[in-house]
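Q: Structure for this input, please:
(4 chains)
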Number of protein chains: 2
Amino acid sequence: MKRPTIADVARQAGVTKAAVSFALNGQPGVSAATRERILAIADEVGFKPSSAARALSDGKSGAFGLIIDKPARTLGIEPYFTQLISGIQDELSQRHVMLLFTHAEDQAAEIEMYRTWWAQHRVDGVFVVDLQVRDRRVAALEELGMPAVVVGTPRGAGSLPAVWQDDRAATAILVGHLAGLGHQRIARVGGFPRYWHSKLRTDALARVAEAAGIEVVSVTADYTAEHGVEATRALLDREQPPTAILYDNDVMAVAALSAAQRAGLAVPDDLSIIAWGDSALCELVHPSVTALRWDTVEAGTQAARLLNLAAEGAEVGSYQEGPPELMVRESTGRWRQNGS
Amino acid sequence: MKRPTIADVARQAGVTKAAVSFALNGQPGVSAATRERILAIADEVGFKPSSAARALSDGKSGAFGLIIDKPARTLGIEPYFTQLISGIQDELSQRHVMLLFTHAEDQAAEIEMYRTWWAQHRVDGVFVVDLQVRDRRVAALEELGMPAVVVGTPRGAGSLPAVWQDDRAATAILVGHLAGLGHQRIARVGGFPRYWHSKLRTDALARVAEAAGIEVVSVTADYTAEHGVEATRALLDREQPPTAILYDNDVMAVAALSAAQRAGLAVPDDLSIIAWGDSALCELVHPSVTALRWDTVEAGTQAARLLNLAAEGAEVGSYQEGPPELMVRESTGRWRQNGS
DNA sequence: TCGAAACACTATACCGGTTTAGTGTCAACG
DNA sequence: CGTTGACACTAAACCGGTATAGTGTTTCGA
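A: Sure, this is the predicted structure:
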């Protein structure tokens, strides 16, 4: 099946390509009657402008990119990215912009991909996730002059606009909940401190807990189930084990829950568990896991909105996400001082 | 930062655009010395051919598409698609082909997106998933003459090549496992029969169970946790409840496990649970869930390989996935006839 | 009634590649 | 010595849009 071009439409309408272009793009230069006739013909033959030709002509590709630098196979269970992508699509599909999605082995490969994309005019801009403390991507993007939006943290984004969360407020909600249940010694299993979001949350927890007079210890893990379990075991083996543990994602929280049960601990009677980031997973397990729910879909939508503006050359500021909601479930309970 | 074009390279090398094109694409027409000089200059200035110009010229976009017609926000926990995409990327990135990923509200919207993509030369082909018994996408794609590969079922794919599983063999593995544990009455919570993969699995189970002299009942659900729990309740309320239940995905299996525990049932002593499709989720919960593991990443890679061939105009056949592996865990056990 | 402006449209350059036809140089061969 | 052919390269057309300059007709005002 041959795909009709603008020349085909022009021939049928008895006008030139330019007239068709004017009619389709709402430009002045054609009469209302002619415009309607052209539109009808274009619709009838199913004409859609070639994205390649348009891109070549106006220099815009009509696509944005998103690269994740983890191997996607370990990423299956994390709902974060799927939700983020969903939100991005909600906004992009309205504007008929496409999303190029891929993953890279490491940051160097990711930057190389940015260079290629930009040189090839493949994308008009990119979403940057998982910003690290010593992140070379931001500088690379700034050097390229490539529109970009950072998702997840306000720090380290340089001149790039960001969509970010208020970790301090969120932490206050969590600590308030646990303090209200009588917990005095809590722990956190976070991501590696090389990630800005991990570092910021660690700092926030330290501050908030200190203000509340609560003892806190933070350890790090790599977001996988195995690491989560291992970190938990180490925490519980301490002389003064925590009575509640906060996990930086749902997978570690659920894995730790399972491990605690196997070890004969009752949740929440012996140990309270809480997850930063909600998902169906938290609801599914028994007992269900108390979690902080962020509107990740909305974050994606806002990121897409910002990137659209940035790609159009506008000066854009950052966007702060709305506060999270604490989904109180069965895994957090009152601390009863049976033991010590 | 200006992005160098082929004309810039040509000027620096003191040759024409054509010579540069020949040199870069390994075509004859330039001497070895000139070729080397051109390549060096191109490399030095960081020249990458504009994908738009190339697409316009040779009619190939250098991208494939994948549309999922479920809202992505309900899809976060399912590892299937992330793994599939991972496998696809493994193959595509080697060939410098991009993946356009999006979701559509329904099949009509999906078909409309295909039409648009094809008319716009956005993609050179698409991956089709979740084939339905009365699926209009296959006919639409055939009519468009758009290269496509169906993932998941050999039936209903029409003239399109497919990557598919041997449901019969897989079912035999499952039934063999359960029969070996003494189960005589098993149930299956499958997807809706309008999906080919659901229908085929239902048929396969009926046949295999009959041959093994085992009683079987299949009910349908929508793959969500809620439906899985509901279907389970209905099955257990029967006069002759099944002693083992097979779920069509991990989410339903895990949700049912949780629900059974809440209802005071012991797994696997009172009920065995098994999932079609493995994931970290199955390992994380307590007791861990026995599951059939498919190499979904490999399926994605093979699908990408087929689509590459199809897009180049080759006649391609289908590819049958390797057999699955049964991951025997804690949720299946010997049936003890305490009750009846 | 004439000139100017507004309008509707055409002709054409242009984006950055690929590809085909064409040109000039040189070596080989009868 | 003249023809042929291979070689290395140039010139230009082409892909399918958008944008700009230009042209012919109508309308309006003085």
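Q: Break down the stretch 151-300 of chain A into its helices, ranges please.
A: A:167-180, A:196-212, A:225-236, A:250-262, A:280-284, A:296-311 (DSSP state H, counting those that start in this stretch).
Q: among the ones you listed, which is nearest residue A:50?
A: The closest of the helices of the stretch 151-300 of chain A to residue A:50 is helix A:296-311. By CB to CB, the value is 20.3 Å. C-betas here are computed from N, CA, C, even on glycine.
Q: Show the residue spans covered by the strands in chain A.
A: Here chain A has its strands, by DSSP state E, at A:63-68, A:98-103, A:125-129, A:148-151, A:162-164, A:185-190, A:215-220, A:244-247, A:272-276, A:290-293, A:319-320, A:325-327.
Q: Can you tell me which of the helices of the stretch 151-300 of chain A is most buried?
A: helix A:250-262 (a mean of 25; mean count of other CB atoms under 10 Å in any protein chain shown).
Q: Could you double-check that residue A:38 sits in contact with residue A:24?
A: Yes. Under the criterion of CB atoms under 8 Å, residue A:38 makes contact with residue A:24 at 7.2 Å.
Q: State the pLDDT value of the residue lying closest to residue A:12 once chain neighbours are set aside.
A: Spatial nearest neighbour of residue A:12, chain neighbours left out: residue A:41 (5.1 Å); criterion: CB to CB, 6 or more residues apart in numbering or on different chains. Looking at residue A:41, its pLDDT is 95.
Q: Might you report the residue contacts of residue A:41?
A: Going by CB atoms under 8 Å, 6 or more residues apart in numbering or on different chains, residue A:41 touches A:9, A:12-13, A:47.
Q: Give me the subset of these that also touch DNA strand D.
A: residue A:47 (CB under 7 Å from any atom of the strand).
Q: which of the contacts of residue A:41 tops the neighbour count?
A: residue A:9 (25 neighbours; other CB atoms under 10 Å in any protein chain shown).
Q: Name the residues of chain A found near DNA strand D, please.
A: A:5-7, A:17-18, A:21, A:24-25, A:27, A:29, A:47, A:49-50, A:52-54, A:56-58.
Q: If you go by neighbour count, which of those are buried?
A: A:5-6, A:21, A:24, A:47, A:49-50, A:52-54, A:56 (16 or more other CB atoms under 10 Å in any protein chain shown).
Q: Of the helices of the stretch 151-300 of chain A, which is nearest DNA strand C?
A: Evaluated over these, closeness to DNA strand C peaks at helix A:296-311, with 17.3 Å, by CB to the nearest atom of the strand.
Q: Can you find the residue of chain A that comes nearest to DNA strand D?
A: residue A:6 (2.6 Å).
Q: Could you point out which residue ranges in chain A have low pLDDT?
A: A:1, A:71-78, A:337-340 (pLDDT under 70).
Q: The spatially most central residue of it - nearest residue in space that isn't next to it in sequence?
A: Nearest to the geometric centre of chain A sits residue A:84, at 4.5 Å (CA atoms, centre = their mean). Excluding the flanking residues, the one nearest residue A:84 by CB to CB, 6+ apart is residue A:300, at 4.2 Å.
Q: okay but residue A:141 is in contact with residue A:148, surely?
A: Yes. Using CB under 8 Å, residue A:141 is in contact with residue A:148, at 4.7 Å.
Q: Looking at the two, which is more packed in?
A: residue A:148 (27 against 23).
Q: where's stretch A:25-37 relative to the chain centroid, distance-wise?
A: Computed by CA atoms, centre = their mean, to the nearest Å, the chain-centroid distance of stretch A:25-37 equals 42 Å.
Q: any idea what sits nearest residue A:193, other than its immediate chain neighbours?
A: Residue A:193's closest residue in space is residue A:199 (CB to CB, 6+ apart), at 4.9 Å.
Q: Go ahead and confirm the one you found touches residue A:132.
A: No. Contact between residue A:199 and residue A:132 fails when scored by CB under 8 Å: they sit 9.4 Å apart.
Q: shared neighbours of these two, anything?
A: Counting by CB under 8 Å, 6+ apart, nothing touches both residue A:199 and residue A:132.
Q: before we move on, the earlier item: shared neighbours, residue A:141 and residue A:148?
A: What both residue A:141 and residue A:148 touch, as defined by CB under 8 Å, 6+ apart, is the set A:126, A:128, A:160.
Q: Send me stretch A:197-211 as CSV with only the CA atoms.
A: Provided in CSV are the C-alpha atoms of stretch A:197-211 (Å, rounded to 0.1, in the frame of the first residue of the first chain):
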residue,chain,number,x,y,z
HIS,A,197,17.8,11.0,46.1
SER,A,198,19.4,8.5,48.5
LYS,A,199,21.7,11.1,50.0
LEU,A,200,19.0,13.7,50.4
ARG,A,201,16.7,11.2,52.1
THR,A,202,19.4,10.1,54.5
ASP,A,203,20.1,13.7,55.4
ALA,A,204,16.4,14.5,55.8
LEU,A,205,15.9,11.5,58.1
ALA,A,206,18.8,12.4,60.3
ARG,A,207,17.6,15.9,60.7
VAL,A,208,13.9,15.1,61.3
ALA,A,209,14.7,12.2,63.7
GLU,A,210,17.1,14.4,65.7
ALA,A,211,14.5,17.1,66.0
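Q: and for it, what are the contacting residues?
A: A:130-131, A:133, A:152-153, A:155, A:165, A:167-168, A:170-172, A:175, A:186, A:188, A:190-193, A:215-216, A:218, A:220, A:246, A:248, A:276.
Q: again with stretch A:300-318
A: Here stretch A:300-318 has contacts from A:60, A:64, A:83-92, A:95, A:97, A:124-127, A:147-149, A:151, A:154, A:157, A:161-164, A:319, A:321, using CB under 8 Å, 6+ apart.
Q: again, only this time at 6 Å
A: With CB atoms under 6 Å, 6 or more residues apart in numbering or on different chains as the test, stretch A:300-318 has contacts from A:64, A:84, A:87-88, A:90-92, A:124-125, A:127, A:147, A:149, A:151, A:161-163, A:319.
Q: Now, of the residues you listed, which are buried?
A: For those, buried by 16+ other CB under 10 Å: A:64, A:84, A:87-88, A:90-92, A:124-125, A:127, A:147, A:149, A:151, A:161-163, A:319.
Q: Grab the two from the buried ones among the residues of chain A next to DNA strand D that are most spread out in space.
A: Counting by CB to CB, the most remote pair of those is A:47 and A:56, 17.9 Å apart.
Q: sorry, back to before: could you single out the nearest of the buried ones among the residues of chain A next to DNA strand D to residue A:295?
A: Checking these one by one against residue A:295 (CB to CB), the nearest turns out to be residue A:54, at 34.1 Å.
Q: before we move on, back to that, which of the shared contacts of residue A:141 and residue A:148 sits closest to chain B?
A: Closest approach between the shared contacts of residue A:141 and residue A:148 and chain B, by CB to the nearest CB: residue A:126, at 12.9 Å.
Q: what does the stretch 51-200 of chain A put close to DNA strand C?
A: A:53, A:56-57, A:59.
Q: Out of those residues, which sit inside helices?
A: A:53, A:56-57 (DSSP state H).
Q: Close to chain B as well: tell me which of those qualify.
A: Contacts with chain B within those, counted by CB under 6 Å from any CB of the partner chain: A:53, A:56.
Q: Reformat the ones in helices among the residues of the stretch 51-200 of chain A next to DNA strand C as a markdown table; add distance to residue A:283.
A: A markdown table is the format used below for these (distance: CB to CB, whole Å):
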| residue | distance to residue A:283 |
| --- | --- |
| A:53 | 49 |
| A:56 | 49 |
| A:57 | 50 |
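Q: interface residues of the stretch 101-250 of chain A facing chain B?
A: Near chain B, when you scan the stretch 101-250 of chain A using CB under 6 Å from any CB, you find A:101-102, A:116, A:119-122, A:144-145, A:225.
Q: Pull out the buried members of those residues.
A: Buried among these by 16+ other CB under 10 Å: A:101-102, A:119-122, A:144, A:225.
Q: Would you mind giving the residues you listed as JSON lines with distance to residue B:257 added?
A: Output for these, formatted as JSON lines (distance: CB to CB, whole Å):
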{"residue": "A:101", "distance to residue B:257": "32"}
{"residue": "A:102", "distance to residue B:257": "35"}
{"residue": "A:119", "distance to residue B:257": "51"}
{"residue": "A:120", "distance to residue B:257": "48"}
{"residue": "A:121", "distance to residue B:257": "50"}
{"residue": "A:122", "distance to residue B:257": "45"}
{"residue": "A:144", "distance to residue B:257": "50"}
{"residue": "A:225", "distance to residue B:257": "17"}
